[in-house]
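Engineer: model the structure of this input:
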Amino acid sequence: SLTNCDDQINKNKDKNESRDYIKHHINEAWRAIYDFIEFIRSPLLKLSNNPFALLSGPAGIGKSHLLADIALIRINSNKSCILLLGQHFTTDEPPWTQILRNLLRLGCNEKQLLGALNAKAEAQGERLLFIIDAINEGRGKYFWHDHINGFVSTFKKYPWLGLVLSIRDSYKELLTPDETLTNNK
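Structural biologist: Numbering: from 1, shown residues only. Purely as a prediction, here's the structure:
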């Protein structure tokens, strides 16, 4: 009967190992589900589906350096990127007028420019970043409030383009209408 006792111990041991094996895989499945839910809720996925980022922070925190580094890395990797500086917006004219005429010196309209950039990005298979650093600088504090929603909306028609704007915290409420921030536009 010692053999019967050994058989029973082995059966119980097998059951416990089987339960532990099942528990382990259930826990792994729950971890994978949790990770997936976190990814779905993440800012990264939101940026993938709605490629507009407003980077804000106090003066001197490194927003401009970060954006310049991103642009430099992209350019050095043969990836397209446009970086404009808010200090170069020197009139109270709408942003597209200043970008096309004064900053880029182009003889086209914004639809033509964005359409060409979108086609280039699609051909490269990677989103092109259009970055405007420090929209509160230059004359920006006088015109962005009235134009920012339309400006962002223009980019939404071009799936291969991403728009990044940076702003000093102290100007955020002044330059971005309440509905832009509350509706997570």
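Engineer: average pLDDT for the longest strand along the chain?
Structural biologist: Across the chain, the strand with the greatest residue count (assigned by DSSP state E) is strand 161-168. Taken as a whole, strand 161-168 carries a mean pLDDT of 95.
Engineer: also stretch 147-156?
Structural biologist: Averaged across stretch 147-156, pLDDT comes to 92.
Engineer: buried sites along it?
Structural biologist: Of all the residues in stretch 147-156, those buried under the rule 16 or more other CB atoms under 10 Å are 147-148, 151-152, 154-155. Quick note: C-beta positions are derived from backbone N, CA and C, even for glycine.
Engineer: of those residues, which is the nearest to I99?
Structural biologist: Nearest to I99 among those, counting by CB to CB, is F151 at 9.5 Å.
Engineer: all strands of this protein, in order?
Structural biologist: Residue ranges of the strands in the chain, as given by DSSP E, are 52-57, 81-85, 128-133, 161-168.
Engineer: paired strands for the longest strand of the chain, with orientation please.
Structural biologist: Next to strand 161-168 in the sheet, as set by DSSP bridges, lie strand 52-57 (parallel), strand 128-133 (parallel).
Engineer: run the angle between that strand and strand 81-85 for me.
Structural biologist: Relative orientation of strand 161-168 versus strand 81-85 (axes from the mean of the first three to the mean of the last three CA atoms, to 10 degrees): 30 degrees.
Engineer: right, and E93 touches W144 too?
Structural biologist: No: taking contacts as CB atoms under 8 Å, E93 lies outside contact range of W144: 12.0 Å.
Engineer: before we move on, back to that, could you dump the strands of the chain to JSON lines with distance to K23?
Structural biologist: Shown next, in JSON lines, are these (distance: least, CB to CB, whole Å):
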{"stretch": "strand 52-57", "distance to K23": "42"}
{"stretch": "strand 81-85", "distance to K23": "49"}
{"stretch": "strand 128-133", "distance to K23": "46"}
{"stretch": "strand 161-168", "distance to K23": "43"}
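Engineer: hang on, the earlier thing: pick out the shakiest of the strands paired with strand 161-168, pLDDT-wise.
Structural biologist: Comparing mean pLDDT across the strands paired with strand 161-168, the weakest is strand 52-57, with a mean of 90.
Engineer: buried residues in that strand?
Structural biologist: Buried residues in strand 52-57, defined by neighbour count with 16+ other CB under 10 Å: 52-56.
Engineer: same deal with stretch 108-126?
Structural biologist: 110, 113-114, 117-118, 121.
Engineer: with just CA atoms, put it into PDB.
Structural biologist: Only the C-alpha atoms of stretch 108-126 are listed here, as PDB (Å, rounded to 0.1, in the frame of the first residue of the first chain):
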ATOM      1  CA  CYS A 108       1.600  78.400 -53.400                       C
ATOM      2  CA  ASN A 109      -1.300  78.200 -51.000                       C
ATOM      3  CA  GLU A 110      -1.400  76.000 -47.800                       C
ATOM      4  CA  LYS A 111      -3.400  73.200 -49.600                       C
ATOM      5  CA  GLN A 112      -0.800  72.900 -52.300                       C
ATOM      6  CA  LEU A 113       2.000  72.900 -49.800                       C
ATOM      7  CA  LEU A 114       0.400  70.400 -47.400                       C
ATOM      8  CA  GLY A 115      -0.700  68.200 -50.300                       C
ATOM      9  CA  ALA A 116       2.900  68.100 -51.600                       C
ATOM     10  CA  LEU A 117       4.300  67.400 -48.100                       C
ATOM     11  CA  ASN A 118       1.700  64.700 -47.600                       C
ATOM     12  CA  ALA A 119       2.600  63.000 -50.900                       C
ATOM     13  CA  LYS A 120       6.300  63.100 -50.000                       C
ATOM     14  CA  ALA A 121       5.600  61.600 -46.600                       C
ATOM     15  CA  GLU A 122       3.400  58.900 -48.000                       C
ATOM     16  CA  ALA A 123       6.100  58.000 -50.600                       C
ATOM     17  CA  GLN A 124       8.600  57.800 -47.800                       C
ATOM     18  CA  GLY A 125       6.200  55.700 -45.700                       C
ATOM     19  CA  GLU A 126       6.600  57.900 -42.600                       C
END
